[in-house]
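Peer 1: fold the stuff below for me.
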Amino acid sequence: MNRTDSPETVAAADPRIQIMGRHVAEVDGAVAFAASGVTFTVRFEGTRLTARLDDELRGGTEHNWFTVVVDGGPPVRVRTRAEQDIYVLAEGLAPGEHTVVLSKATEGQNGHNRLVSVTADAILPAPPLPERRIEYIGDSITSGYGADPEPVACGDGTWYDPTHAWVAYGPRLARRLDAQWMLSSVSGMGMHRNWNTLSPVMPDVYDGVFMETSADLTPWDFDRYRPDLVVVALGTNDFSDGDGEMPREALNGDVFVDAYARFLAHVRDRYPDAPMLLVNSPVFEGEQKARLAGYLDRVMARRAAEGDTAVSTFTYAGRYVSGCDGHPGLGDHAAMADELEPTVRALTGW
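Peer 2: From the prediction side, this is the model:
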């Protein structure tokens, strides 16, 4: 096209835009999504890129956070605003071709989103996504909750301000391995029970695009993303004592192991060939860490007895709680990725 023409606006579902994570294209070309870590890559020509981004802001949420990376530079966090739907993702760039990555930092429970369109002088085909693929099934730790106290310190602002999926161990490790990532993770969620409630648990929400129970559930098409490795990092919330007000019995290990094994059978039905790595909690120590390790070994043995020998377990050597509310912090997530990397490379051959 003639670069002096008016700027080009294309719908988010345009094939020139690359998308990672659970999402669904709508009839108007917008892309609806919810989970942490859903990522859009846009390549364009010009000095400026804007996006039309709708923010649902559910459950009393005041805003969401996104991460923007321009031409491979440092990640910058962008806060959405209720009265705003046009966001400048990059400006003041040198004339020419550029690549911008837009990634959701907060979670689906903070509101669903719709990327409607992007605008620049010209929208070009984005670079292809890596062929390698990892799925991470987890809770707040996998979502990056409490990881990043900038620009809002722990205890200030809202509880979800420190959530930053881009810097969490999963996306960190995936980028290091030149792999895609999909975060199938929900804060507070467990395998048999949640942090302070009994349901819905991960097996109840796993099959949906937005990972929530609903009368009009939008099913996720598992053929759209076939991982080379599935990392399952659940159990922290099953062990939780909750808020101290809701009645909470001691965790029944047999029930937990049964729920975990049945869920893995469900995942195996969707991914017949992917190895699965069951990861212990990075915030546990002592007796809790040992108990969860024992339960994971029992789950692995049960799956092996049922003919699934592509399941293994992993326990962190360290304990990682330097972030907000006893969650892993920025350095912790980097260290967790360091610990996981040799095992992931061994399982995948990467």
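
Peer 1: please, where are all the strands along the stretch 101-250 of the chain?
Peer 2: Using DSSP state E, counting those that start in this stretch, the strands assigned to the stretch 101-250 of the chain run over residues 113-120, 122-124, 132-138, 179-185, 229-233.

Peer 1: output those strands in TSV; the columns should cover mean neighbour count.
Peer 2: Where you see a C-beta, it was placed from the backbone N, CA and C, and this is true even at glycine. Output for the strands of the stretch 101-250 of the chain, formatted as TSV (neighbours: other C-beta atoms under 10 Å):
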stretch	mean neighbour count
strand 113-120	23
strand 122-124	18
strand 132-138	24
strand 179-185	26
strand 229-233	24
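
Peer 1: dump these to a markdown table, plus distance to Ala250 and mean pLDDT.
Peer 2: Below are those laid out as a markdown table (distance: least, C-beta to C-beta, whole Å; pLDDT from 0 to 100):
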| stretch | distance to Ala250 | mean pLDDT |
| --- | --- | --- |
| strand 113-120 | 39 | 98 |
| strand 122-124 | 56 | 99 |
| strand 132-138 | 23 | 99 |
| strand 179-185 | 25 | 99 |
| strand 229-233 | 22 | 99 |
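
Peer 1: nearest to Arg298, out of those strands?
Peer 2: Nearest to Arg298, of all the strands of the stretch 101-250 of the chain, is strand 229-233, at 14.3 Å by C-beta to C-beta.

Peer 1: put the alpha carbons of stretch 34-54 into CSV.
Peer 2: Provided in CSV are the C-alpha atoms of stretch 34-54 (Å, rounded to 0.1, in the frame of the first residue of the first chain):
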residue,chain,number,x,y,z
ALA,A,34,-9.9,-14.0,30.1
ALA,A,35,-6.9,-15.9,31.4
SER,A,36,-3.5,-14.6,32.5
GLY,A,37,-0.9,-14.8,29.9
VAL,A,38,-3.1,-14.6,26.8
THR,A,39,-0.8,-12.9,24.3
PHE,A,40,-1.1,-11.1,21.0
THR,A,41,1.8,-10.4,18.7
VAL,A,42,1.4,-7.5,16.2
ARG,A,43,3.9,-6.5,13.5
PHE,A,44,3.4,-3.2,11.8
GLU,A,45,4.9,-0.4,9.9
GLY,A,46,4.9,3.1,11.3
THR,A,47,5.8,5.0,14.4
ARG,A,48,2.7,4.2,16.5
LEU,A,49,0.4,1.4,17.3
THR,A,50,-3.0,1.6,19.1
ALA,A,51,-5.4,-1.0,20.2
ARG,A,52,-9.1,-1.0,20.9
LEU,A,53,-9.5,-3.1,24.0
ASP,A,54,-12.7,-3.7,25.9
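
Peer 1: list the buried ones in that stretch?
Peer 2: Neighbour-count burial for stretch 34-54 flags 34-46, 48-53 (criterion: 16 or more other C-beta atoms under 10 Å).

Peer 1: among these, which ones are in strands?
Peer 2: Using DSSP state E, 39-45, 49-53 are the members of the buried residues of stretch 34-54 that sit in strands.

Peer 1: out of those residues, flag the one nearest to Thr343.
Peer 2: Distance to Thr343, by C-beta to C-beta, is smallest for Thr39 among those, at 24.2 Å.

Peer 1: so what pLDDT did that closest one get?
Peer 2: As predicted, Thr39 sits at a pLDDT of 99.

Peer 1: that one against His23, yeah?
Peer 2: No. The criterion here is C-beta atoms under 8 Å, and Thr39 misses it with His23 at 9.8 Å.

Peer 1: where in the stretch 201-350 of the chain is pLDDT low?
Peer 2: Applying pLDDT under 70 to the stretch 201-350 of the chain flags residues 215.

Peer 1: pick the one among the ones in strands among the buried residues of stretch 34-54 closest to Val201.
Peer 2: Thr39 (26.2 Å).

Peer 1: who does the closest one form a beta bridge with?
Peer 2: Counting by DSSP bridges, Thr39 is bridged to Met20, Ser103.

Peer 1: next one: Ala90
Peer 2: Leu49.

Peer 1: okay, it: pLDDT?
Peer 2: For Ala90, the model assigns a pLDDT of 99.

Peer 1: now Ala105
Peer 2: Reading off the confidence values, Ala105 has pLDDT 98.

Peer 1: swap in Asn2?
Peer 2: 45.

Peer 1: touching, Ala122 and Thr47? I think so.
Peer 2: No. Here Ala122 lies out of contact with Thr47, judged by C-beta under 8 Å, at a distance of 11.7 Å.

Peer 1: how about whichever strand or helix holds Thr343, which residues are buried there?
Peer 2: Using DSSP states H and E, Thr343 maps to helix 330-348. Of the residues in helix 330-348, 330, 332-337, 339-341, 343-344, 347-348 count as buried by neighbour count, 16+ other C-beta under 10 Å.

Peer 1: quick one: list the elements packing against that helix.
Peer 2: Helices and strands touching helix 330-348, by 3 or more C-beta pairs under 8 Å, 6 or more residues apart in numbering; DSSP states H and E, are helix 169-176, strand 229-233, strand 276-279, strand 311-314.
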